[in-house]
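Student: After the sequence you'll find the predicted model.
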Amino acid sequence: MDTSDPTPTAQRHVPVMLDRCVDLLAPALQREGSVFVDGTLGMGGHTEAVLTRCPAARAVGIDRDPEALALATARLAPFGDRFTGVHDVSDDVPALLRGLGIDRADAILFDLGVSSLQLDEVERGFAYRTDAPLDMRMDQSTGQTAADVLNTYDIGELQAILKDYGEERFARPIARAILRRREQVPFTTSGPLVELLHDVVPDRSQRTGGHPAKRTFQALRIEVNAELTVWARALTQALRALSVGGRIVVLSYHSLEDRITKRGLAAGAVTSAPPDLPFELPEHAPWLRLLVRGAQQADDAELASNPRSASVRLRAAERTRTTEDQQPTTHEVHP
């Protein structure tokens, strides 16, 4: 991994919808010792802004990418013991917090998808415009690579991930072409895959649908990192960790992530009372309050200054009561 880039970390990444995220999270972080969890720390831009705006709060930053964690930890060093970095997958926030002696999170942020660091560093293999090793692991110390997927999955498995995770219309012919190519030479770098996709995806689709590799690379990245499975579990567990009065903000970048987020938050924001019950029992009352209507998008000013915000969808909610799946806690945050 390349850690030698002399560009300051703050200049290598522009956090998406930064002010809006902090505005939504800050009301839950006014109590002395309140806890903010950044479940996808990246290079630490959102956490830096939260710690600056909310001087009573401390932050726990979680990232599965050790290089991102190292860069963010250096960036956040001026905050001293107000910041704790954790190298892990953020799919069990309650357990991670218990390991740090923390009962609850008062605010939680997830900025999903691939980070600028991963996209910008050629050797990570996330970008398709430069020939690079087909890795795509967010944590390069473990798990299968994109090359492993291309060289070992059968045609049905390849077609399924291209269709389901990449929403690729030409999943079947692409899968066939991958099998033909790997029988001659196994995939190791992105160049031959991009060339194959240029050949297989019809010209008319390339003219109107963007780069022919975009959807395939997205599908491979999601598969390699089990992103949707991890996210579905992470959202459920994060909501369990949230105090009453606590807030969660999620930034999603494609429809599959956003669908999980929408359903997860909506389930807590409606009554669970049977339709034939004449009145609502306390345990049936909603336990989340949605903070934005639908999914919020970046405004024109941000789109102009930060093109990576083009596909973002922001959703947010506040916990309004405890639920049976929460363990006892010594404190709760109140609005």
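Tutor: Structure received. Numbers count the residues shown, from 1 in each chain.

Student: low-confidence ranges in the stretch 151-300 of the chain?
Tutor: Applying pLDDT under 70 to the stretch 151-300 of the chain flags residues 271-274, 276-284.

Student: which stretches of it form helices?
Tutor: Counting by DSSP state H, counting those that start in this stretch, the stretch 151-300 of the chain has helices at residues 155-166, 171-184, 190-200, 203-209, 214-225, 227-241, 255-268, 300-305.

Student: could you dump those helices to JSON lines with mean neighbour count and distance to G39?
Tutor: For glycine as for every other residue, the C-beta is placed from the backbone atoms N, C-alpha and C. Below are the helices of the stretch 151-300 of the chain laid out as JSON lines (neighbours: other C-beta atoms under 10 Å; distance: least, C-beta to C-beta, whole Å):
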{"stretch": "helix 155-166", "mean neighbour count": "18", "distance to G39": "21"}
{"stretch": "helix 171-184", "mean neighbour count": "16", "distance to G39": "31"}
{"stretch": "helix 190-200", "mean neighbour count": "18", "distance to G39": "29"}
{"stretch": "helix 203-209", "mean neighbour count": "10", "distance to G39": "32"}
{"stretch": "helix 214-225", "mean neighbour count": "23", "distance to G39": "14"}
{"stretch": "helix 227-241", "mean neighbour count": "20", "distance to G39": "6"}
{"stretch": "helix 255-268", "mean neighbour count": "18", "distance to G39": "12"}
{"stretch": "helix 300-305", "mean neighbour count": "12", "distance to G39": "22"}
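
Student: Nearest to D19 among those helices would be which one?
Tutor: Among the helices of the stretch 151-300 of the chain, the nearest to D19 by C-beta to C-beta is helix 300-305 (9.2 Å).

Student: ok, A234 - contacts?
Tutor: Residues in contact with A234 (C-beta atoms under 8 Å, 6 or more residues apart in numbering) are 39, 89-93, 110.

Student: Just flag the most distant two among the residues you listed.
Tutor: The distance between the two most remote of those (C-beta to C-beta) is 13.6 Å, for D92 and F110.

Student: Of the two, which one has the most company?
Tutor: Between D92 and F110, F110 has the larger neighbour count (other C-beta atoms under 10 Å), namely 25 against 18.

Student: Does the more buried one lie in a helix or a strand, and which?
Tutor: Here F110, judged by DSSP states H and E, is contained in strand 105-111.

Student: Please report how far the residue nearest the centre of the chain lies from I248.
Tutor: Among the residues of the chain, the one closest to the centroid is L112, at 1.7 Å (C-alpha atoms, centre = their mean). Counting by C-beta to C-beta, to the nearest Å, the gap from L112 to I248 is 13 Å.
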